[in-house]
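Visitor: would you be able to build a 3D model of this:
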Amino acid sequence: MKKSVLAIAFVSILGLLVAACSSKTASNGSIPSGKTIKAVTVGNLTATLSNSTGQLKPGDQEVMLVFTGPSGKPVDISAMSLNFHMDQMGTMAAMNDAVSFTTTSTPGVCRGKVNIEVAGEWQGQLAYEGPAGSGKTTFTVTAQ
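Guide: Residues are numbered from 1 along each chain as shown. Below you'll find the model as predicted:
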């Protein structure tokens, strides 16, 4: 009982963690390139998760998260969080792997690090706040 209460508290705290994205502009105005893992619409923005391979994989890895508006240009985001969740399966406990973000010189673009515990289907839990408003969504992504 105590372990499940602690696990729920830990997951709740992870969900509250947010990383601020910088409001500086890049010198060339370009969005960092990479291959898209998943693009999702949240409110009137598009959030694009990418990395060098275009695939989420088990283990430590770097990802980029870019928020763009209807015009396709990056939109400044004040705070955001991304957590990968996998439900309990058999005797294996539910897993939550939070992305730790750092700012970049482009508004709406964050670089993140995450350790995906196992291959399989994960639910991405994304939330953001900023001048363009706030929103949250979930999406499915497979770690291969």
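
Visitor: can you pull the contacts of residue 38?
Guide: Contacts for residue 38 were tallied using CB atoms under 8 Å, 6 or more residues apart in numbering; they are 48, 49, 124, 139, 141. No exception for glycine: its C-beta is placed from N, CA and C like everyone else's.

Visitor: where do the helices of this structure begin and end?
Guide: Secondary structure of the chain by DSSP state H: the helices cover 2-16.

Visitor: so, low pLDDT: which residues of it?
Guide: 1-33 (pLDDT under 70).

Visitor: name the residue closest to the centre of it, please.
Guide: residue 82 (3.3 Å; CA atoms, centre = their mean).

Visitor: identify the bridge partners of that residue.
Guide: Judged by DSSP bridges, the bridge partners of residue 82 are residue 126.

Visitor: wait, it touches residue 96, no?
Guide: No - using CB atoms under 8 Å, residue 82 is not in contact with residue 96, being 11.2 Å away.

Visitor: so which of the contacts of residue 38 would you say is closest to residue 75?
Guide: residue 48 (11.7 Å; CB to CB).

Visitor: number of nearby residues for residue 72?
Guide: Look at residue 72: counted by other CB atoms under 10 Å, it has 8 neighbours.

Visitor: correction: residue 67
Guide: Around residue 67 there are 24 residues (other CB under 10 Å).

Visitor: need the contact list for it.
Guide: Per CB under 8 Å, 6+ apart, neighbours of residue 67: 21, 45-47, 74-75, 77, 80, 108-109, 128, 130, 132.

Visitor: for it, give its distance to residue 50.
Guide: Applying CB to CB, to the nearest Å, the value for residue 67 to residue 50 is 12 Å.

Visitor: kindly report the same for residue 127.
Guide: Relative to residue 50, and taking CB to CB, residue 127 is found at 19 Å.

Visitor: next one: residue 133
Guide: Distance from residue 133 to residue 50, by CB to CB: 23 Å.

Visitor: please apply the same query to residue 56.
Guide: Counting by CB to CB, the gap from residue 56 to residue 50 is 10 Å.
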